[in-house]
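> below is the structure, and that's it, no one-letter string:
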């Protein structure tokens, strides 16, 4: 199925509606978003779990929080996740997510380049729909290393460094960044029209009333799945 895209402004407003009208809390939304990310990662990973390394790269905001939740679920599935979290969010929620990972013995690594060389799969949870550029240190170098690597990448909500409206930058870090898979949370963002790869929708918390307010279609999730592989109609409500 094809789904309409939603602008960054509307995405922020929609999240606010989910909390103020829908009764959701931020940690509930983040938990379901991270669960969706982990399921998309499991779809793309090799079937054998033993010694399968997943590197989750987290930014300082909610996108990074989604990555922390995904890392926990991936550990519970039997993978070997590690987390690179160079600029940690100060929100108390992020600190609790970090403690949960530490209690599962998930390592927080400091040598990104070395870890990138030995990982089998990478989750890009650096920046989401609120990213406005340009990339600030250390994220420019991080994105450059990811795009030069042959490691398969799953990006969360948008490939990090991409403008949410205009897509990849014309030059510099991220100009050639094309992850193997992308999971859009709640609804695709306009930049998805520039994306070529496997595309999933996730974040199974959208209500019919809120979907109608923003002119969105409700994804037809199957059974207990938290994700759905979809095509995209980026000519929708932007």
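Received, thanks. The model shown is predicted, which means the values in this text are computed figures rather than measured ones. Numbers count the residues shown, from 1 in each chain.
> low pLDDT regions in the chain?
Along the chain, the parts satisfying pLDDT under 70 run over 1-2, 46-50, 232-238.
> change it to 80
Residue ranges of the chain with pLDDT under 80: 1-2, 44-51, 132-133, 231-238.
> tell me where it has helices.
With DSSP state H as the criterion, the chain has helices at 8-20, 26-44, 62-77, 92-103, 112-118, 139-148, 208-213.
> out of those, flag the one nearest residue 223.
helix 26-44 (12.0 Å; Cβ to Cβ). Heads up, the C-betas are built off the backbone N, CA and C, glycines and all.
> on that earlier part again, ok, which of the helices of the chain comes nearest residue 129?
Closest to residue 129 of the helices of the chain, according to Cβ to Cβ: helix 8-20, at 4.7 Å.
> could you give me the buried positions within that closest one?
Across helix 8-20, burial judged by 16 or more other Cβ atoms under 10 Å covers 8, 10-11, 14-15, 17-18.
> could you dump the helices of the chain to JSON lines with distance to residue 226?
Conversion of the helices of the chain to JSON lines gives the following (distance: least, Cβ to Cβ, whole Å):
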{"stretch": "helix 8-20", "distance to residue 226": "16"}
{"stretch": "helix 26-44", "distance to residue 226": "4"}
{"stretch": "helix 62-77", "distance to residue 226": "10"}
{"stretch": "helix 92-103", "distance to residue 226": "18"}
{"stretch": "helix 112-118", "distance to residue 226": "27"}
{"stretch": "helix 139-148", "distance to residue 226": "25"}
{"stretch": "helix 208-213", "distance to residue 226": "17"}
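> out of the ones you listed, nearest to residue 191?
helix 8-20 (9.6 Å).
> still on that earlier bit, can you list the buried residues of helix 8-20 in a markdown table and add distance to residue 209?
What follows is the buried residues of helix 8-20, written out as a markdown table (distance: Cβ to Cβ, whole Å):
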| residue | distance to residue 209 |
| --- | --- |
| 8 | 22 |
| 10 | 15 |
| 11 | 17 |
| 14 | 11 |
| 15 | 15 |
| 17 | 9 |
| 18 | 11 |
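> tell me the contacts of the nearest residue to residue 124 once chain neighbours are set aside?
Distances taken as Cβ to Cβ, 6 or more residues apart in numbering put residue 155 closest to residue 124, at 4.2 Å, once the chain neighbours are dropped. Counting by Cβ atoms under 8 Å, 6 or more residues apart in numbering, residue 155 touches 124, 179, 181-183.
> so the residue nearest in space to the middle of the chain bridges to which residues?
By Cα atoms, centre = their mean, the chain has its centre lying nearest to residue 156, at 1.7 Å. Per DSSP bridges, the residues bridged to residue 156 are residue 183.
> my guess is it contacts residue 131, does it?
No: applying Cβ atoms under 8 Å, one finds residue 156 not in contact with residue 131, separated by 11.4 Å.
> report how many residues lie close to the residue nearest to residue 152 when sequence neighbours are not counted.
Nearest residue to residue 152 in three dimensions, chain neighbours excluded: residue 180, at 4.3 Å (Cβ to Cβ, 6+ apart). When neighbours are defined as other Cβ atoms under 10 Å, residue 180 has 14 of them.
> equivalent analysis for residue 208, please.
For residue 208, the tally of surrounding residues (other Cβ under 10 Å) stands at 9.
> can I assume it is in contact with residue 218?
Yes: judged on Cβ under 8 Å, residue 208 makes contact with residue 218 at a distance of 6.3 Å.
> contacting residues for residue 141?
Going by Cβ under 8 Å, 6+ apart, the list of residues near residue 141 reads residue 173.
> alright, calling it a day.
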